[in-house]
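[1] Just to be clear, the model below is a prediction. Sequence and coordinates:
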Amino acid sequence: MNKKRIYIISSTLLLIGLFAGIVQYMGMFDTLYAAASNPGHSWNEIEGNENLLINISDNKVAINDLKLKGKLCDSVGNCGKEGDILEFAPSGIKWKVKLTYGESIHFEPDCTLLGGTVFDTGSGTICRVPLSDAPTGWKQAENWHRYSVSDWGGDYCNHHKATAPITFSNVAAYKPYPNGTHDCAYTGYYNCTVCESMWMTSYEPNNSNKWCYYNSWTTGPAGSENRVEIGIY
């Protein structure tokens with residue numbers, strides 16, 4: 001065998017080797033591309049079987065049993081917590097979020113239907129609603145409310161007025177009330193300067209010398225008078 005023939009054979013073998021390497025490389029590339037574009041798995045490659053995960057004709061999967069190790073989130077990214085309910089909405093499945101104050105049985109959409117807004121007290125969420133009293137089935141959350149005026153009422157001498165917060169806050173509102181029996185007398189001594197400690201009323205508004213007075217009074221909740229917002233749960 002001459003050198004020329006040896007050279008031809010060697011070159012041919014080298015070309016065959018290079019071609020085989022290229023074919024093998026292209027096959028591996030096709031496999032990687034297919035895996036990236038279609039990351040499907042066969043039944044024996046997933047944690048389940050045909051009895052738990054059932055392929056349906058409309059390309060959906062029916063799940064007979066589902067065990068979660070993490071959170072379950074809805075179509076807008078809200079993750080459910082204890083007491084929440086999944087509901088169907090036009091935009092997809094969403095969590096119906098429960099108010100978290102106390103042992104509330106109401107949900108955030110219930111608050112919206114009342115014309116209120118969800119408010120975080122720091123001790124749980126309540127419904128801040130523009131009403132003077134809690135509707136049937138709802139309770140006031142502690143002293144969360146707002147009044148239109150900071151004080152009102154009182155006696156003829158403008159003493160013993162009711163006091164209330166005019167910003168939405170957890171502050172009690174109080175109102176004094178006359179207590180016990182009263183006496184009336186014609187006298188110039190019972191006037192607003194001397195009798196500040198008494199609850200003074202004018203028996204006859206046009207007669208400044210005739211007064212009725214109470215020696216004591218009781219302080220209680222101001223109630224719904226002049227209240228324009230209330231926190232409920």
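    Received, thanks.
[2] for the record, mean pLDDT for stretch 220-233?
    For stretch 220-233, mean pLDDT rounds to 97.
[3] Ignore what I typed, I meant stretch 100-119.
    Rounded mean pLDDT across stretch 100-119 is 95.
[4] for it, which positions count as buried?
    100, 101, 104, 106, 107, 108, 110, 111, 116, 118, 119 (16 or more other CB atoms under 10 Å). Placement of C-beta: from N, CA and C, glycine included.
[5] Low-confidence regions, the chain specifically.
    1-72, 74-77, 80-83, 85-91, 93, 180-182, 184-196, 202-211 (pLDDT under 70).
[6] mind listing the strands for it?
    53-55, 61-63, 85-89, 92-96, 117-120, 125-129, 140-147, 151-152, 162-163, 169-170, 174-186, 199-202, 210-221, 227-232 (DSSP state E).
[7] Residue 78: which of these is closest?
    Among the strands of the chain, strand 92-96 comes nearest to residue 78, with 5.0 Å by CB to CB.
[8] what's the burial count for the closest residue to residue 178 other than its chain neighbours?
    Spatial nearest neighbour of residue 178, excluding adjacent residues (CB to CB, 6 or more residues apart in numbering): residue 214 at 4.2 Å. For residue 214, the neighbour count with other CB atoms under 10 Å is 18.
[9] try residue 158
    Neighbours around residue 158, by other CB under 10 Å: 11.
[10] ok, now residue 183?
    Around residue 183 there are 11 residues (other CB under 10 Å).
[11] State the distance from it to residue 176.
    For residue 183, the distance to residue 176 equals 19 Å [CB to CB, to the nearest Å].
[12] for residue 119, same thing?
    Counting by CB to CB - residue 119 and residue 176 are separated by 30 Å.
[13] Over to residue 120?
    According to CB to CB, residue 120 and residue 176 sit 34 Å apart.
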